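> Give me a model of this one.
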Amino acid sequence: MASPIIRKSAARRVAVDRPAVPAAAPSNGPQLAARSREPDPSQERVIGAPVDARMIVEAGPGYGKTDVACARVAHLLEQGIAPARILLLSFTRTAVREMRNRIAELARAGTDVRGVVIRTLDSFAWRLRAGETERGAAGTTLSYEQNIDAVVELLGSPSDDLRAYLDSFRYVLVDEAQDLVGERAELVVRLLNQVRPDGGWTVFCDHAQAIYGWENGDGAPVDAGFVTLLDTLQGTVERRTLEKLYRTGVKDLKKVLVTTRDIVTHPDVKDRADKIRTYLLARAPEEDCGFDDLRTLVKDCGNDARSTFVLFRHRGSAQTMSSYLAEEGIPHRLRFGGLNNPAAPWIAHIINTIRKRDFGRPEFDDAWKQVRASWLCQGWDPENAWTALRRMGAKPGTKLVDVSLVAQRLASASLPDEVCLKEIGQDGPVVGTIHGSKGREADHVITCVQPDGWENEDQDAEARVQYVGLSRARQILTVRRLQTVYWKKPLRSGRWWRAVKKGAQLQIGLQGDVDPLGSLTASDAGPVALQDALASYDGRARHLKCESARAHNWERRLILDPGGEIDAIGALSREGALHNDLWSIAGSWGGKARPPNTIYHAWWVDLTSVAMRADNPAAAKLPLPWRETRMWLSPIVVGMSTIYRPGGYNW
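Residues are numbered from 1 along each chain as shown. Here you go, the predicted structure:
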């Protein structure tokens, strides 16, 4: 039997190799202020480039890209560029948080970085269209996708006001550009082509990580990516490469990362995906690994679990792994596409505690004291919570928060980056897809490889996917040969499912599966008791069954199992993707089969704040105080759930 790539005991003895620049070393140019390392010429050429330089920087995972970006900012500041004239953009909220943390390190080191603009691309585009001010932005109701389309059009022929705003930025940095596709890729190209003549930009991009759009395993990209549009960038564009790997000091892991990157990037290599799978599986145990074995492996992580990723190729396997962990009460977090994007639950709870149309800091502080010890506020303090509320709904000309503006932001999903939760769940390892892990890293990565690959797979694209997964690791990489699971082709919604004895398993918890109104109406105990029950949630996964009955107008209510003081915590949506998918699966059974009344094995794993738009006719029918605030708590529900066909257990 082959051994894992790196034995845990050995890896724990090796520190990450980040040799520091001696304190007495003279300053001969820009230094890596955020994390000092030994001199690296490939980094210094990027950091110290002229202010008007326009650069595409090829940077693999762990090659110091974030350090270089932050050190580049420090260098620009040293050259006299004002902080507010520097713009950093990334596709993901995770990368934005990382950039903000690194910039904060610069500030602690004495560099004045206050005012540097750091945004996700969606957040920045929303601000562009809305008018650059919190007051103008608050009323927007477009979705992110609609807003991106609108901004692409605006940048094609910018108005004088927009031109003036764009000219306020002297330098633009774009992170993880290989993840940009479609209209977002076009938006970035147009933005860079609008940079003022005496300004410059740096785009960090890695062809080896260009995997956006490959998650369903069908080998077909969703849209053209940024890497295909490089020739449309105007002006003199320099190409740079970061050459030294810093992610790990563990010798065996470094060898794996370098070897697999060579497989992905070398122009003469054929059958790249097969070669990477063979290379990895040679270092894994020979026997297949099932989800129960993986659960044991996760349990054995002990105190290291929080810095562990358990990564799968697609959502179905990640969701199944989550269900196995939930069954034994093992805390974990979820991160993969298609799930709800939860907003901090304290928002709705605090506002409904205050019960005013607008309020100031004293009322907020009083309400915060009432709930600060609860799970709702975990990871927040009153200072950053108040700042987030002001960003969402500052009442013009005052120091108050306007509740209607906050509700409008929530309802339109146009949220500041910081109020969107990083993952679903609050503790333990991150269970997710390789796509969901992009831009992140962990001490320990468990990657699950399917030996047979995908039918008609694109070898180059699949090789990049596998490389992204394994390159998240800083200290330990554990490879397991995943037992074959016979999934059906994902439904039109992207929902994963498979046939099982007497029925089917399907993924529950995609965007729109839970009816937001159900968390006010589903319980016989009434909305007050229901909201109180949600607010008392303690973060532990709770088992649910989703059951419809004539007495409740056939609404699929979310029933706690075992039961509690309240009969239901919410309901599934009556219409939309889940409704259609249930009928599609029932249709596959033949005859006149209908979706069953009960869905088993779902899990309540988190909470989110939800809201209703003011122009929704249902808003006037909401009970008080929610009729005035238009905000409330709603459960986050996930699961690889089971339904039974006619003749099964519930017919």
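> C-alpha coordinates for stretch 238-246, CSV please?
Extracted in CSV, the C-alpha atoms of stretch 238-246 (Å, rounded to 0.1, in the frame of the first residue of the first chain):
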residue,chain,number,x,y,z
GLU,A,238,4.7,43.9,-20.1
ARG,A,239,4.6,40.2,-19.2
ARG,A,240,6.1,39.2,-15.9
THR,A,241,6.4,35.9,-14.0
LEU,A,242,6.8,35.2,-10.3
GLU,A,243,9.3,32.4,-10.2
LYS,A,244,9.8,31.2,-6.6
LEU,A,245,7.3,29.0,-4.6
TYR,A,246,6.7,30.2,-1.0
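> Can you pull out the residues in contact with it?
Outside stretch 238-246, the residues that touch it by CB atoms under 8 Å, 6 or more residues apart in numbering are 17-18, 37, 40, 42-43, 45-46, 49, 53-60, 62-65, 67-68, 254, 257-258. Yep, even glycine has a C-beta here, placed from its N, CA and C like the rest.
> mind redoing it with 10 Å?
Applying CB atoms under 10 Å, 6 or more residues apart in numbering, the contact partners of stretch 238-246 are 16-18, 35, 37-38, 40-43, 45-46, 49, 53-65, 67-68, 200, 202, 204-206, 230, 253-254, 257-258, 261, 471.
> in what helix or strand does the nearest residue to Phe364 once chain neighbours are set aside lie?
Take Phe364 and drop its neighbours on the chain: the residue closest to it by CB to CB, 6 or more residues apart in numbering is Trp386, 5.7 Å away. Assigned by DSSP states H and E, Trp386 belongs to helix 382-393.
> Which parts of that helix count as buried, going by neighbours?
Buried residues in helix 382-393, counted by 16 or more other CB atoms under 10 Å: Pro382, Ala385, Trp386, Ala388, Leu389, Arg390, Arg391, Met392, Gly393.
> Same question for stretch 613-626.
Ala619, Leu622, Pro625, Trp626.
> List the contacts of the first one.
Just to be clear, that refers to Ala619. Here Ala619 is in contact with Ala407, Ala411, Ala611, Met612, Arg613, Trp626, Arg627, Glu628, Arg630 (CB under 10 Å, 6+ apart).
> coming back round to it: of the buried residues of helix 382-393, closest to Ala577?
Proximity of those to Ala577 (CB to CB) peaks at Met392, which lies at 27.9 Å.
> contacting residues for the closest one?
134, 137-138, 343, 347, 401-402, 405-410, 414-416, 419.
> Retrieve the pLDDT associated with it.
You'll see Met392 listed with a pLDDT of 90.
> Please report the distance of it from Gly360.
Taking CB to CB, to the nearest Å as the measure, Met392 falls 15 Å from Gly360.
> cool, and Ala551?
From Ala551 over to Gly360 (counting by CB to CB), the distance is 46 Å.
> Which of those two has more residues huddled nearby?
Set side by side, Ala551 and Gly360 show more neighbours around Gly360, with 15 against 8, by other CB atoms under 10 Å.
> Now do the more buried one, the pLDDT please.
Gly360 is assigned 96 on the pLDDT scale.
> now swap in the one 5 residues further on and tell me
Per-residue confidence (pLDDT) for Asp365: 96.
> got the contact list for it?
Arg372, Pro382, Trp386 are the contacts of Asp365 under CB under 10 Å, 6+ apart.
> out of those, who's nearest Val189?
Nearest member of those to Val189, counting by CB to CB, is Trp386, at 37.8 Å.
> before we move on, back to that, hmm, which of the contacts of stretch 238-246 are the buried ones?
Buried positions within the contacts of stretch 238-246, assessed by neighbour count (16+ other CB under 10 Å), are 37, 40, 42-43, 45-46, 49, 53-65, 67-68, 200, 202, 204-206, 253-254, 257, 261, 471.
> Mind checking which of these land in helices?
Members of the buried ones among the contacts of stretch 238-246 lying in helices (criterion: DSSP state H): Ser42, Gln43, Arg45, Val46, Lys65, Asp67, Val68, Leu253, Lys254, Leu257, Arg261.
> Quick check: the farthest pair among these?
Pairwise over those, using CB to CB, the maximum falls at Arg45 and Leu253, 27.1 Å.
> where does the stretch 401-550 of the chain dip in pLDDT?
The stretch 401-550 of the chain contains residues with pLDDT under 70 at 422.
> Mind jotting down where the strands sit in it?
401-402, 430-433, 442-449, 473-481, 497-500, 503-508, 514-515, 542-547 (DSSP state E, counting those that start in this stretch).
> cool, and the stretch 101-250 of the chain?
Here the stretch 101-250 of the chain has its strands, by DSSP E, counting those that start in this stretch, at 117-120, 171-175, 200-205, 238-241.
> Partner strands of the first one and their direction?
In this case it means strand 117-120. Within its sheet, and counting by DSSP bridges, strand 117-120 is paired with strand 86-90 (parallel).
> Quick check: buried residues in the partner strand?
Ile86, Leu87, Leu88, Leu89, Ser90.
> separation between the fourth one and Leu191?
So that's Leu89. From Leu89 to Leu191 the distance is 8 Å (CB to CB).
> Mind listing the shared neighbours of these two?
Joint contacts of Leu89 and Leu191 (CB under 10 Å, 6+ apart) are Leu121, Phe124, Ala125, Val172, Val174, Trp201.
> check contacts around the fourth one.
This means Val172. Counting by CB under 10 Å, 6+ apart, Val172 touches 54, 85-89, 117, 166, 188, 191-192, 194-195, 199-203.
> Nearest residue to it in space, please, no chain neighbours.
Spatially, and ignoring its direct neighbours in sequence, Val172 is nearest to Trp201 (4.3 Å; CB to CB, 6+ apart).
> Repeat that for Glu628.
Per CB to CB, 6+ apart, closest to Glu628 is Arg357, 6.9 Å.
> What does the pLDDT read for that neighbour?
If you check Arg357, the pLDDT there is 94.
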